[in-house]
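1. Sequence and predicted structure, then a few things I'm wondering about:
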Amino acid sequence: MLKYRVEYAKTGVLRFISHLDLVRVFTRAVRRARLPVAYTRGFNPRPKLSLGPPLIVGVTGLHEYLDLELERPIPSQKAEAQLGSQLPEGLSLKRIEALPPVAPPLSKAIDCAWYRVLLPEAGVAWQEVIEQLRQPGEWFYRRPKDGKIFDIKTGIKNARISIQEGKPVLDLLVRVGPGEVPLRGVLEVLFRHGNCWQKPECAPVTRVGLFREQGEKLVTPMGEKKNFWEKETS
């Protein structure tokens, strides 16, 4: 079997579909694209595809990933053309690349996520909130569905505030996998410490990218290196 990695964006109205629905969308698109995809065995064969970490419903994803197994090789450009033509509006295919046999699966290639949050403008000293976040002490969040308590500081790798087009923007680098803290919990606690009047779920959120940390660099599942402190625009 040959493995291919798909990079795509999830935007517009499709940001409101669930992770399970997204799997269904890609499953149908792969079938319609007539790619030589490998199938699982058993009474209900399914295409061998696996998506990266789920996006919260309503969150835009600029650089999301999907792994596919094919039964025979196909040029990446041809695969892009066939699959891209079958995706609905709101799912835009960026590229497809063949993976070497030793390439780790997405679950091993990703350990952090970069989120960008458009913050309310008035009445909150957001830079002070981030400076407080960096001080010793625990900031707790209790998950409503099961009562589990998280210290959000353990799930945040880095954070910064910037002003873009006159509006405050929060960039967060958070853990994915072991040590992960629910993003909604992180935002809820930050908004609480800032005495913000707005509910965090009303703040527009974008997942800028998914990475694995290597020293001071962030490496994408496609192997590109980035720096959290560099301006990221797309």
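-> Yes, it's here. Residues are numbered from 1 along each chain as shown.
2. looking at this structure, which helix or strand is least sure?
-> strand 225-226 (a mean of 90; mean pLDDT, DSSP states H and E).
3. name the helices or strands packed onto it?
-> With contacts defined as 3 or more CB pairs under 8 Å, 6 or more residues apart in numbering; DSSP states H and E, the packing partners of strand 225-226 are strand 205-214, strand 217-219. Just so you know, the C-beta spots here come from the backbone N, C-alpha and C atoms, and that holds for glycine as well.
4. which residues of this protein score low on pLDDT?
-> Scanning the chain for pLDDT under 70 picks out 122-123, 230-234.
5. Show me it divided up by domain.
-> Domain ranges of the chain: 2-108, 110-226, per automatic domain parsing.
6. a markdown table for those, including mean neighbour count?
-> Below are the domains of the chain laid out as a markdown table (neighbours: other CB atoms under 10 Å):
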| stretch | mean neighbour count |
| --- | --- |
| domain 2-108 | 16 |
| domain 110-226 | 16 |
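7. tell me what the helix ranked longest in the chain is packed against?
-> Counting residues, the longest helix found in the chain (DSSP state H) is helix 19-32. Applying 3+ CB pairs under 8 Å, 6+ apart, we find helix 19-32 packed against strand 49-51.
8. need the next SSE after the strand it packs on, C-terminal direction.
-> Sequence-wise, the next helix or strand downstream of strand 49-51 (DSSP states H and E) is strand 60-70.
9. starting at the chain centroid, how far to that following strand?
-> Centre-to-centre, strand 60-70 and its host chain are 10 Å apart (CA atoms, centre = their mean, to the nearest Å).
10. Now the element after it, going C-ward?
-> Taking DSSP H and E as the definition, the helix or strand right after strand 60-70 is helix 76-84.
11. partner strands of the least confident helix or strand of the chain, parallel or antiparallel?
-> strand 217-219 (antiparallel) (DSSP bridges).
12. still on that earlier bit, which of the helices and strands packed on strand 225-226 sits closest to residue 161?
-> Closest of those to residue 161 is strand 205-214, at 15.1 Å (criterion: CB to CB).
13. how much space between residue 74 and residue 98?
-> Distance of residue 74 to residue 98, computed by CB to CB, to the nearest Å: 9 Å.
14. and what of residue 108?
-> Residue 108 is 18 Å from residue 98, where distance means CB to CB.
15. same thing with residue 149?
-> To residue 98, residue 149 is 44 Å away according to CB to CB.
16. do residue 16 as well
-> From residue 16 across to residue 98, the span is 32 Å (CB to CB).
17. Ok, residue 76 next?
-> From residue 76 to residue 98 the distance is 6 Å (CB to CB).
18. hey, what's in contact with both of these two?
-> Both residue 76 and residue 98 are contacted by residue 4, under the criterion CB atoms under 8 Å, 6 or more residues apart in numbering.
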